[in-house]
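Enquirer: Show me the folded form of this:
(one chain, ligands or ions: 1)
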Amino acid sequence: MDLIFEKSRPGRRAGRVPDYGLPVPEVPAELRRATPPRLPEVAESEIVRHITALADRTFGIDTGFYPLGSCTMKHNPRVNERVGRLAGFRDLHPLQEDDGAQGALELEWRLQQILAEVAGLPAVTMQPAAGSQGELTGLMLVRAYFDDHGEGDQRDTVVTADTAHGTNPASVTMAGYKLEKVETDARGNLDLDDLRAKVDERTAALMLTNPSTLGLFDEGIEEVARIFHDVGALLYYDGANLNAVVGRSRPGDMGFDIVHFNLHKTFSQPHGGGGPGAGPVAVRADIEPFLPSPQVVRDGDRFRLDHERPKSIGRVRGHSGPFGVFVRSYAFILAYGPALREMSDAAVLNANYLLARLKDVYELPYERHCMHEFVLSAQNLKREHGITALDVAKRLMDYGIHPPTIYFPLVVPEALMIEPTETEPKERLDAFVEAMRRIAEEAAESPELLREAPHGRPVRRLDEVRAAKQLVVRYLFDDSVGAAVESARSDSSARENP
Ligand SMILES: Cc1ncc(COP(=O)(O)O)c(C=O)c1O
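Expert: So this is what the prediction gives:
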């Protein structure tokens, strides 16, 4: 497929800005471009075809099954988009005075209340724009809390699990803490002996996902909470993925003091490719004074942004949060109403159904029921036929299914991490099972078929290391660079379909 710049012809236009005879603004000379921007010049019909052809090559949750473990690709109800586009929400200016934004502030406040109930903790900030930003905010709250208690210098370490999502250690480091990793035991729980040896009065917090990224609920969670609280440390819950927990158990009741949510995973949101998202953080009462400013508060029948927060860690984002995301997630939650826990029940049931139907063909590293997701290993295929998790993932694309997450968590070799979500019907789950079982047979019968997969996609096996290391994200006009691109193209053309 040609790039848009290759389709460009001088003088072609998709539209023309009307001439209103307005005076031409005087742009100061030092701010003017030396040369006009090099934009593609294409007629509207060709742009539409170009974008449509790109869209046709894209796989999304609306195209087919997307069991990307830990990333929660669930159906996004269309009514939520409609609600998000209501003029009173869509056209609000972020600096709108509180009086002109009562409906929006009320929605944000009500969502705060619901999240507080889901977390089992009383106070919530809506500011962070992603799970990872929620993590960083949470750790800044940990620091503010210990500074306020005169222990800021003493507590310099945060403990995470060896199954932790990659953002956890990154957030710990960004927040200026030392990282201590605890191992997973043979049942997939935190290894309590390892944990006890690593927790002392220098520990500021534990950062944990429960259920873990193995899809397993930690059976020792009460003891874990005791170990940390006994040394005065805090418990941070990475609630990015609450799909098994909502309405069933509450992190606050498990002993956690700070929790972040990924609204874009648990409460539906068209996400992927970096956004949009929201990472609200819930905290216990004595951490509330440190929450970012401003906070949405209720005074009788009125709602306002409270900026008078002397102990606050300050702003972590412009304005009060990613508002469009709030509207969609609020609509999603209201549609369930008091039956919200049915969402988690169905997510867990779907995951266990897949687990039960696949565990005789792929290795199951921890022989337990799972929560909203589970991790299999393709190690048996590797041992017997030299077929890897990557080969399985690529071959799934030929069956019209998005690959699961692979090679994560790191504690499982050849990991295939599968999250079906509650929004899939049994027929889709069965089709996935059939594809996975067929692929295991193919591994024995014709391993080359898997090693060269995918066969039916516009792009076949890529040199993934090179794609990551020599990322070309813009059109390179210069002749010298153009030659480099040409040679990169001819290298890769052997791997691409015509
Ligand atoms: C367990 C876990 N924690 C944290 C995150 C980070 O969330 P975000 O991608 O919104 O920054 C993710 C995202 O995949 C996750 O799965």
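
Enquirer: Which helix or strand contains the nearest residue to residue 384 once chain neighbours are set aside?
Expert: Leaving out its chain neighbours, the residue that sits closest to residue 384 by CB to CB, 6 or more residues apart in numbering is residue 444, at 7.2 Å. Heads up, the C-betas are built off the backbone N, CA and C, glycines and all. Assigned by DSSP states H and E, residue 444 belongs to helix 426-445.

Enquirer: Quick check: the residue nearest to residue 384 vs residue 404, distance?
Expert: In this view, residue 444 and residue 404 are 21 Å apart by CB to CB, to the nearest Å.

Enquirer: Beta-bridge partners for residue 299, please?
Expert: Residue 299 forms beta bridges with residue 302, as assigned by DSSP bridges.

Enquirer: burial measure for it, as a count.
Expert: Using other CB atoms under 10 Å, the number of residues around residue 299 comes to 8.

Enquirer: next one: residue 3
Expert: Residue 3 has 10 neighbouring residues, counting by other CB under 10 Å.

Enquirer: What about the residue in the chain positioned nearest to the ligand, how many residues nearby?
Expert: Closest approach between the chain and the ligand, counting by CB to the nearest ligand atom: residue 131, at 2.4 Å. As a burial measure, residue 131 scores 26 neighbours (other CB under 10 Å).

Enquirer: Show me the strands in this protein, by range?
Expert: Here the chain has its strands, by DSSP state E, at 123-125, 157-161, 178-182, 203-208, 234-239, 258-261, 281-283, 295-299, 302-306, 374-377, 405-406, 415-418.

Enquirer: export the ones you listed to CSV and tack on distance to the ligand and mean pLDDT?
Expert: Listed next are these as CSV, based on distance: least, CB to the nearest ligand atom, whole Å; pLDDT from 0 to 100:
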stretch, distance to the ligand, mean pLDDT
strand 123-125, 15, 98
strand 157-161, 11, 98
strand 178-182, 15, 98
strand 203-208, 9, 98
strand 234-239, 5, 98
strand 258-261, 8, 98
strand 281-283, 12, 98
strand 295-299, 21, 97
strand 302-306, 24, 97
strand 374-377, 13, 98
strand 405-406, 9, 98
strand 415-418, 10, 98
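
Enquirer: With distance to residue 116 as added columns, please give these in a markdown table.
Expert: Converted to a markdown table, the strands of the chain look like this (distance: least, CB to CB, whole Å):
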| stretch | distance to residue 116 |
| --- | --- |
| strand 123-125 | 5 |
| strand 157-161 | 24 |
| strand 178-182 | 29 |
| strand 203-208 | 20 |
| strand 234-239 | 12 |
| strand 258-261 | 10 |
| strand 281-283 | 6 |
| strand 295-299 | 12 |
| strand 302-306 | 16 |
| strand 374-377 | 30 |
| strand 405-406 | 30 |
| strand 415-418 | 30 |
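
Enquirer: same for the helix holding residue 444, what does it pack against?
Expert: Helices and strands touching helix 426-445, by 3 or more CB pairs under 8 Å, 6 or more residues apart in numbering; DSSP states H and E, are helix 341-358, helix 379-385, helix 389-398, helix 447-451.

Enquirer: Now for the residue nearest the centre of the chain: which residues touch it?
Expert: The residue lying closest to the centre of the chain (CA atoms, centre = their mean) is residue 71, at 5.2 Å. Neighbouring residues of residue 71 by CB atoms under 8 Å, 6 or more residues apart in numbering: 265, 272, 405, 419.

Enquirer: count of neighbours near the first one?
Expert: Burial of residue 265, expressed as a neighbour count using other CB under 10 Å, amounts to 24.

Enquirer: before we move on, what about the second one?
Expert: Applying the criterion other CB under 10 Å, we find 15 residues in the vicinity of residue 272.

Enquirer: With the last one instead?
Expert: Other residues near residue 419 number 29, with proximity taken as other CB under 10 Å.

Enquirer: what about the stretch 1-150 of the chain, any weak spots by pLDDT?
Expert: Within the stretch 1-150 of the chain, no stretch has pLDDT under 70.

Enquirer: Repeat that for the stretch 301-450 of the chain.
Expert: Low-confidence segments of the stretch 301-450 of the chain, defined by pLDDT under 70: none present.

Enquirer: Can you pull out the residues in contact with stretch 30-47?
Expert: Stretch 30-47 has contacts (CB under 8 Å, 6+ apart) with 4-5, 7-15, 50, 477.

Enquirer: go again using 10 Å as the cut-off
Expert: Residues from elsewhere that reach stretch 30-47, judged by CB atoms under 10 Å, 6 or more residues apart in numbering: 3-15, 27, 48-50, 475, 477.

Enquirer: out of those, which are inside helices?
Expert: 4, 5, 6, 7, 48, 49, 50 (DSSP state H).

Enquirer: tell me the contacts of the residue nearest to residue 384?
Expert: Residues in contact with residue 444 (CB under 10 Å, 6+ apart) are 381, 384, 385, 387.

Enquirer: are any of the residues you listed buried, and which?
Expert: Among the contacts of residue 444, those scoring as buried are 381, 385, 387 (criterion: 16 or more other CB atoms under 10 Å).

Enquirer: Bridged to residue 125, which residues?
Expert: With DSSP bridges applied, residue 125 shows beta-bridge pairing to residue 281.

Enquirer: Identify the residues contacting it.
Expert: Residue 125 sits next to 112, 115, 134, 137-138, 141, 260, 279-283, 288, 290-296, 312-313, 316-317, 320-321 when contact means CB under 10 Å, 6+ apart.

Enquirer: Narrow the residues you listed to those that are buried.
Expert: Here, 16+ other CB under 10 Å leaves 112, 115, 134, 137-138, 141, 260, 279-283, 288, 290-296, 312-313, 316-317, 320-321 buried among the contacts of residue 125.

Enquirer: Okay, the closest residue to residue 50 other than its chain neighbours and residue 227: tell me how far apart.
Expert: Nearest residue to residue 50, sequence neighbours excluded (CB to CB, 6+ apart): residue 4, at 5.7 Å. Going from residue 4 to residue 227 by CB to CB gives 57 Å.

Enquirer: Which of those two has more residues huddled nearby?
Expert: The neighbour count for residue 4 versus residue 227, taken as other CB under 10 Å, is higher for residue 227 (21 against 16).

Enquirer: Would you confirm that the more buried one contacts residue 220?
Expert: Yes. Residue 227 is within contact range of residue 220, at 9.3 Å (criterion: CB atoms under 10 Å).

Enquirer: Mind listing the shared neighbours of the two?
Expert: With CB under 10 Å, 6+ apart, residue 227 and residue 220 have common neighbours 190, 192, 195.
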